[in-house]
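K.L.:
Below are the sequence and a predicted model; questions follow.
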Amino acid sequence: MSRRLAGRIRSQGALSVAEYMAACLFDPAEGVYTRADPLGRAGHFTTAPEISQMFGELLGLWAGACWQEQGSPSRCLLVELGPGRGTLMADALRALALLPSFLEAAEVVLVEASPVLRAAQQRVLAGHEVRWAETLDDLPEAPVFLLANEFFDALPIRQYVRTPEGWAERRIGQDDQERLQWGLGPRLPGSPPGLTPAKLAAPYGALVEACTAGETIAGEIGRRLRGSGGAALLIDYGYHPSAPGETLQALSGHRTVDPLAEPGTADLTAHVDFEALAAAASGAVAHGPVGQGALLQALGIDARAEALKAKATPQQAADVESALARLTAPDQMGRLFKALALTAEGAPVPPGFPV
Ligand code: SAH
């Protein structure tokens, strides 16, 4: 990957951070997501659905409850963006056996770009009727109940620096030894597109990030919610309100590494700007974001943990307890991870969000 990036930079010039991220994550031959499964203990990072079945169960029931509150439409879509190993959806569908009428009404669609993870999802969801799509654009128009966990943080971002002479895009070039290095592109004639007011007002010297790909998808979600109804639940680590600052990070084998050090080996992510995402879902109403801990508690995770513990061995009960703490405690995932819900205007406020 390093050699191929070097060749590309030699012929085309320095890359934007978005081009670099897209190559590292989804290069057809050598991307982090195309080559192997990056999740779990043997991979680079562990996500909430991999920590406990409670996460997917509660999110599935959240979708079913939204469907009921919106009048139980006879046809709808249950969509997951970036379903990883399929764990969240498998747990969701198992819990939704409590609401068979929703399962009858819903076509289950997984939007997944990685062939390796698609294969994992096929295995985990073998007993269920599900189909795969490349993008949201491939879906029919119908009320859509959509879940996305740690999806938006994997989308390519661009970085810009505000200098006294104007804005410039941060780029990745190389030194004489073809080692990747940071640089700055030419001054832009105006401001970069799509920045929030807080980022546009950044002080000189500040770096800001913009995730156009995520905002385009949020726009499409908003358009569908407005047109056909439904609800979306987007959970990720991120910030609200919007603010300048660098959040791009690389993880290799669960350790933070230099984002330029291991292209194609380390996972690259950026924190999600929830204010920008909510604004991009134009016309949809944003609820929250609330902390992941607060959401899961409002959805009944404590009672679910008690029920699991009642049937568990002492070791399993201890595992449920530690998973509960990991998912909800403010110093673990409870506060840094946030949940944003989107609905059409006038739709009931989704469970777990302040009225
Ligand atoms: N939601 C899962 C996986 C998170 S990792 C979990 O919580 O465990 C990010 C997921 O998004 C992976 O499945 C990855 O392949 C997928 N992904 C990233 N960019 C994508 C894109 N542009 N289109 C579709 N899927 C994408």
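P.N.:
Alright, I've got the coordinates. Predicted, not measured: the structure shown is a model, and the values here were computed from it.

K.L.:
CA atoms for contacts and neighbours, from now on please.
P.N.:
Will do.

K.L.:
residues from the stretch 51-200 of the chain in reach of the ligand?
P.N.:
Residues of the stretch 51-200 of the chain that fall close to the ligand, judged by Cα under 6 Å from any ligand atom: 82-84, 111-114, 149-151, 154-155.

K.L.:
Which other helices and strands does the helix or strand of the chain with the lowest mean pLDDT contact?
P.N.:
Counting by mean pLDDT, DSSP states H and E, the chain has its least confident helix or strand at helix 32-35, which shows a mean of 91. If you count contacts as 3 or more Cα pairs under 8 Å, 6 or more residues apart in numbering; DSSP states H and E, helix 32-35 packs onto helix 17-26, helix 115-124.

K.L.:
possible to save those as a markdown table with mean neighbour count and distance to F55?
P.N.:
Listed next are the helices and strands packed on helix 32-35 as a markdown table, based on neighbours: other Cα atoms under 10 Å; distance: least, Cα to Cα, whole Å:
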| stretch | mean neighbour count | distance to F55 |
| --- | --- | --- |
| helix 17-26 | 21 | 25 |
| helix 115-124 | 17 | 16 |
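
K.L.:
Save these as TSV, and put in mean pLDDT too.
P.N.:
What follows is the helices and strands packed on helix 32-35, written out as TSV (pLDDT from 0 to 100):
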stretch	mean pLDDT
helix 17-26	97
helix 115-124	96
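
K.L.:
Domain ranges for the chain, per the record?
P.N.:
Using automatic domain parsing, the domain parsing of the chain gives 2-30+158-209, 32-156+211-236+247-343.

K.L.:
Name the spans of the stretch 101-250 of the chain whose pLDDT lies under the cut-off.
P.N.:
Under the criterion pLDDT under 70, no range of the stretch 101-250 of the chain is flagged.

K.L.:
Quick one: the helices in it, in order.
P.N.:
With helices called from DSSP state H, counting those that start in this stretch, the stretch 101-250 of the chain shows them at 115-124, 197-200, 212-228.

K.L.:
How far does the second one sit from its chain's centre?
P.N.:
Read it as helix 197-200. Computed by Cα atoms, centre = their mean, to the nearest Å, the chain-centroid distance of helix 197-200 equals 23 Å.

K.L.:
Can you lay out the helices of the stretch 101-250 of the chain as TSV showing distance to R326?
P.N.:
Shown next, in TSV, are these (distance: least, Cα to Cα, whole Å):
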stretch	distance to R326
helix 115-124	24
helix 197-200	32
helix 212-228	27
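
K.L.:
picking up where we left off before, show me which positions of the least confident helix or strand of the chain end up buried.
P.N.:
Under the neighbour-count criterion of 16 or more other Cα atoms under 10 Å, helix 32-35 has 32-35 buried.
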